[in-house]
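Asks: Sequence below, structure please.
(one chain, ligands or ions: 2)
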Amino acid sequence: MKTFFKTDPHSYYQDGDPKIQHLDWNIQSVDFETRRLICTVELTFDKGGVTRLDTRDLRIWNVRDEHDHMLPFTLERKDLNLGSELRFTVRNASLKVRIQYEVNANASGLQWLTPGQTADKTHPYLFSQGEEIHARSYIPCQDTPGVRFTFTVAITVSHDMRGIVACNRFVHRIVEGEFAHEKWAMDYPVPAYLLAIAVGNLVSADISDRSRVWSEPSMVKRAAEEFSDLPKIMKVGERLFGPYPWERSDILVLPPSFPYGGMENPCLMYLSPSLVTGDKSMITTVAHEQAHSWTGNLVTNASWRDFWLNEGWTVYAELRIVEELYGKDEAMLRLKLLERECARDFERFYKTRPLFTSLAPDLSGIDPDDAFSRIPYFKGAMFLIALEEAVGREEFDQFIHKYIETFRFQSITTSQFLDFVSVELTGVFDLVGAWEWVYEAGMPDNAPEISSPLITTVEQYVLQVVPPLEAGKNWSASQWILFLEMLPRPSLVEFASALRSTFRLDKSKNTEIRWAYLLLALESGSPMFSEAEEFLLTQGRLKYIKPLYKALHTLAPERAQAIFKKARSGYHPIAVGQVTQILEGKQ
Ligand code: BES
Ligand code: ZN
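Replies: Ligands and ions are numbered 1, 2, ... in the order given. Below is the predicted model:
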């Protein structure tokens with residue numbers, strides 16, 4: 001019997017199986033009426049043998065080898081978290097395998113939007129979101145961050161739309177009657193979760209010779225201005241983390257239902273339109289996604305248990321970039337905000353699953369979307385800051401360079417990282433209590449301090465619970481958000497309305513300020529239901545909608561249900577799943 005070892009409990013791939021080296025995806029039809037994709041994927045393996053692919057809700061038509069001979073295959077019954085295993089044997093005489101299949105309307109990693117759900121309301125829209133285990137819902141593949149491949153995508157779309165792909169090379173666009181055939185190529189190996197496409201009425205504006213912003217036409221100018229610091233961010237990133245290996249760094253601004261603030265798809269980060277505020281106040285998210293091109297896309301977590309290696313490292317890298325460009329105070333403020341967000345997750349998991357508050361929890365049998373929290377982000381970054389403080393910045397910077405150089409284009413586990421720390425930073429493992437940081441619940445006592453004068457002013461007003469009448473006029477968006485997040489729950493309803501009348505927080509152009517204000521009001525028992533409804537019908541970012549539904553569910557469960565019923569068809573499948581759980585009292 002073959003014994004095998006599984007690094008990743010979220011994939012049917014087993015260590016030692018033939019591995020995908022290259023993938024050619026051909027999307028022959030994007031049907032907005034029936035919300036179906038008709039596809040062929042050709043996989044090139046490194047060797048022959050029994051091969052297991054991940055799929056979810058795909059209709060597999062046939063599997064053939066490169067000589068067009070049918071290969072027998074087995075599609076196993078669906079596991080709720082993992083989907084269905086697709087198994088066949090790759091013959092050494094043909095390492096290429098072609099699969100014809102169909103993607104149905106219920107693919108968990110795709111969102112189909114009607115024209116009415118887009119910014120310009122003229123064309124429908126489709127986008128994919130692979131992280132963490134959704135790539136299998138549109139491509140049969142080894143959907144584990146431990147397998148990397150190069151790829152091409154050929155996509156046929158309506159002639160008045162674009163089909164764009166996160167990759168380094170645009171090959172061509174050929175218009176033929178009603179259709180346009182686009183072709184794109186990725187020459188650097190990446191895991192499946194980073195393969196991303198989008199179809200819509202998309203245009204672009206250049207912001208440098210390496211970067212352009214894509215969005216629907218009405219937004220493109222504003223978005224290009226909002227994110228005009230990207231070239232600076234790239235330069236600082238290169239100084240800190242080594243040469244930028246992906247050639248281009250473009251941005252796609254998505255419709256408001258995009259469930260994340262940002263997603264680090266290589267060469268083309270995806271961003272929420274809520275970041276386009278007119279005052280560049282959300283630029284730290286761009287720094288975050290840009291930082292992922294080193295920490296995450298170049299050095300990748302081996303499984304979702306090691307997610308903190310992606311996100312903790314990226315928050316650390318983001319803070320370093322922010323510190324360099326906008327100052328230490330700004331970076332500290334950013335970290336403090338993350339601490340506040342994280343506090344909610346600690347509270348939730350302490351009660352239900354204390355080990356989820358460790359940095360590398362066992363996620364076997366768990367849907368990674370359910371385990372998502374800010375803990376790997378915040379605690380991971382704090383652990384790295386603790387390491388930095390133990391050896392000093394100069395030595396730590398050398399360590400960072402060596403870390404990225406050593407593991408580039410690899411996927412690594414937490415224990416590989418800890419071994420690397422033991423070898424490279426002598427004595428530090430025990431000094432900072434690395435074991436406790438990584439494997440034990442909660443925050444260690446020796447967590448680094450987070451302080452900045454910008455935080456102190458905010459805290460003064462929070463402690464006295466008075467509106468910052470004079471000071472508030474000069475506060476940055478981040479300070480306002482921190483202030484709102486730090487106020488006690490419940491705060492006096494009169495206090496919230498004083499803030500509203502003096503600072504018009506409910507009308508702020510900054511979505512995050514409007515959200516933080518609304519959440520404070522709801523968590524303080526204020527029945528701002530129509531405002532909540534308006535917000536929840538127009539925003540789909542999980543970070544915003546999850547806490548709002550939780551607050552509404554506590555305050556007025558029927559109202560929460562009624563709003564969800566209306567908003568649901570506009571939400572991404574991941575958001576629908578998460579909100580459903582909240583309203584069932586499961587989160
Ligand atoms: N990679 C994440 C987004 C993600 C994580 C998608 C897990 C799916 C599963 C991205 O880099 C991220 O962290 N986004 C943050 C932004 C941020 C500035 C911390 C977000 O969306 O809130
Ligand atoms: Zn991230």
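
Asks: Need the contact partners of the helix or strand bottoming out on mean pLDDT in the chain.
Replies: Every helix and strand of the chain was ranked by mean pLDDT, DSSP states H and E. The lowest is helix 493-503, at a mean of 83. Defining contact as C-beta atoms under 8 Å, 6 or more residues apart in numbering, one finds that helix 493-503 is touched by 465, 467, 469, 472, 480, 487, 505-506, 517, 520-521, 524-526. In short, each C-beta sits where N, CA and C put it, glycine included.

Asks: Pull the contacting residues for Met486.
Replies: Applying C-beta under 8 Å, 6+ apart to Met486 gives the contacts Arg340, Val458, Glu459, Val462.

Asks: same thing but at 6 Å, please
Replies: Val462 (C-beta atoms under 6 Å, 6 or more residues apart in numbering).

Asks: Quick one: the strands in the stretch 151-300 of the chain, in order.
Replies: Remark: strands assigned in the stretch 151-300 of the chain by DSSP state E, counting those that start in this stretch are 162-165, 169-176, 179-191, 197-200, 203-206, 212-215, 250-253, 262-263, 268-271, 299-301.

Asks: hey, C-alpha coordinates of the longest one in PDB?
Replies: Taking C-alpha atoms only, strand 179-191 is exported to PDB below (Å, rounded to 0.1, in the frame of the first residue of the first chain):
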ATOM      1  CA  PHE A 179     -17.100  38.300 -30.200                       C
ATOM      2  CA  ALA A 180     -13.600  39.200 -29.000                       C
ATOM      3  CA  HIS A 181     -11.000  36.500 -28.300                       C
ATOM      4  CA  GLU A 182      -8.600  37.500 -25.600                       C
ATOM      5  CA  LYS A 183      -5.400  35.700 -24.700                       C
ATOM      6  CA  TRP A 184      -3.200  36.100 -21.600                       C
ATOM      7  CA  ALA A 185      -0.200  34.400 -20.200                       C
ATOM      8  CA  MET A 186       1.500  33.900 -16.900                       C
ATOM      9  CA  ASP A 187       5.200  33.000 -17.200                       C
ATOM     10  CA  TYR A 188       5.900  32.600 -13.400                       C
ATOM     11  CA  PRO A 189       4.600  29.700 -11.500                       C
ATOM     12  CA  VAL A 190       1.800  30.400  -9.000                       C
ATOM     13  CA  PRO A 191      -0.700  28.400  -6.900                       C
END
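
Asks: before we move on, back to that, out of the strands of the stretch 151-300 of the chain, which is closest to Glu131?
Replies: Closest to Glu131 of the strands of the stretch 151-300 of the chain, according to C-beta to C-beta: strand 262-263, at 6.6 Å.

Asks: The closest one packs against which elements?
Replies: strand 268-271 (3 or more C-beta pairs under 6 Å, 6 or more residues apart in numbering; DSSP states H and E).

Asks: Skipping its backbone neighbours, what lies nearest the residue of the stretch 51-200 of the chain found nearest ligand 1 in space?
Replies: Closest contact between the stretch 51-200 of the chain and ligand 1, by C-beta to the nearest ligand atom, is at Glu131 (3.7 Å). In space, and not counting its chain neighbours, Glu131 is closest to Tyr193: 4.4 Å by C-beta to C-beta, 6 or more residues apart in numbering.
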